[in-house]
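Colleague: What would the 3D arrangement of this be:
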Amino acid sequence: MKCFVTGGSGFIGANLVHELVRRGHTVRVLARPGADVRGLKGADYELHTGDVNDRNTLRTGMRGFDWCFHVAASYHLWLPDYRVMYATNVEGTRHVLESASLADCSRIVYTSTVGCIGLPQEVNGHLTPTDEDTPVTEAQMSNDYKRSKWQAEVVARELAKKGLPVVIVNPSAPVGPRDVKPTPTGKVIVDFLNRAMPAYLDTGLNWVHVRDVAVGHILAAEKGRVGERYILGNAEGNWTMRKAFAVLQDITGVSAPQVRLPYLIPLLAAYVDESISKLTGKPPKAPLAGVRMAKYKMFFNPAKAVRELGLPQTPPRQALADAAEWFQQNGYLRRGA
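Modeller: From the prediction side, this is the model:
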């Protein structure tokens, strides 16, 4: 197939491009001028320079292509002005999906986030991972990033109802190679390896290998039902941060932090940090949105994607090991770490 990928220079996007190329597909990547394409090194792809809000560039780039993967997004937990984020995530999604339809793409895969899935609630001390059918509303979107992605997903669902061949995927917390930036989740691993994490919050994530997420996108194009959404996660990956650090310690030999911070301490620090950022315009080290999200254990059930798509389930331990190895081999560790 001829595949058009937005956000191909990002973490998930780069791994998707490599996987598409490995499977023999032709790939064209939409990227802004000057985009960091280090994650695409070694992949045979064509670069198409442009922006998700430029309809002419989109139509020109997609002409003659079979599949469109819309992975691009503005992912920031703090900005001095969030209007740019909404323009990219909401209106940009509309532009990409409608352009893909006009280009007669037979499948359009939209990359959302598990942030748009309802959070698990603790009942009698037990936390049950949630799935795609868990009730959730925009009112539960606790920050501008999640809210913008929620609105973008609403756009995707509405267009699917109008007949566009849109399938939605919701990745959980991917880790693995090619995390160039790195992502906030990847930075947790980098900080751990650099012994720069003296304490931790009692939070939890659904850890999944980024390669499985990339494959899940392709499976969604091949087998996904139009208008449906699929959690791209790992059934065995619902780990607390304490467990993830214990596994990383076992893999790397680096001692895991032993001090668990009460939630109130980083919350107050984030308020102070953001107050300073409003004056300086510089991003806070600990965004309030990130601390608020860490209050909840983001545990999810990917059974639907496993059952309907055949989503691979690489052990989370392997995902963490591959991430640690990639960061080590690509110069993310401080001297002596």
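
Colleague: Residues contacting the worst-scoring helix or strand of the chain on mean pLDDT, please?
Modeller: Ranked by mean pLDDT, DSSP states H and E, the weakest helix or strand in the chain is strand 122-123, scoring a mean of 77. In this structure, no residues lie in contact with strand 122-123 by Cβ atoms under 8 Å, 6 or more residues apart in numbering. Yep, even glycine has a C-beta here, placed from its N, CA and C like the rest.

Colleague: If we go by neighbour counts, what in stretch 70-89 is buried?
Modeller: 70-78, 82, 85-86, 88-89 (16 or more other Cβ atoms under 10 Å).

Colleague: quick one on the thing from earlier: report the strands that pair with the least confident helix or strand of the chain, each with its relative direction.
Modeller: strand 126-127 (antiparallel) (DSSP bridges).

Colleague: How far away from the center of its chain is the partner strand?
Modeller: Chain-centre distance of strand 126-127: 25 Å, with Cα atoms, centre = their mean, to the nearest Å.

Colleague: for stretch 125-143, same thing?
Modeller: 17 Å.

Colleague: just stretch 208-215 next, same as before
Modeller: For stretch 208-215, the distance to the chain centre is 10 Å (Cα atoms, centre = their mean).

Colleague: Could you export it as CSV, CA atoms only?
Modeller: The C-alpha coordinates for stretch 208-215 follow below in CSV (Å, rounded to 0.1, in the frame of the first residue of the first chain):
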residue,chain,number,x,y,z
VAL,A,208,3.4,-1.0,26.1
HIS,A,209,6.2,-1.6,23.6
VAL,A,210,6.1,1.2,21.0
ARG,A,211,6.6,-1.5,18.3
ASP,A,212,3.3,-3.1,19.3
VAL,A,213,1.7,0.4,19.0
ALA,A,214,3.1,0.8,15.5
VAL,A,215,1.9,-2.6,14.5
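
Colleague: returning to that earlier point: can you tell me which of the buried residues of stretch 70-89 are in helices?
Modeller: Secondary structure from DSSP state H places 85-86 of the buried residues of stretch 70-89 in helices.

Colleague: Name the nearest of the buried residues of stretch 70-89 relative to G224.
Modeller: G224 lies nearest to H70 out of those, by Cβ to Cβ, at 13.7 Å.
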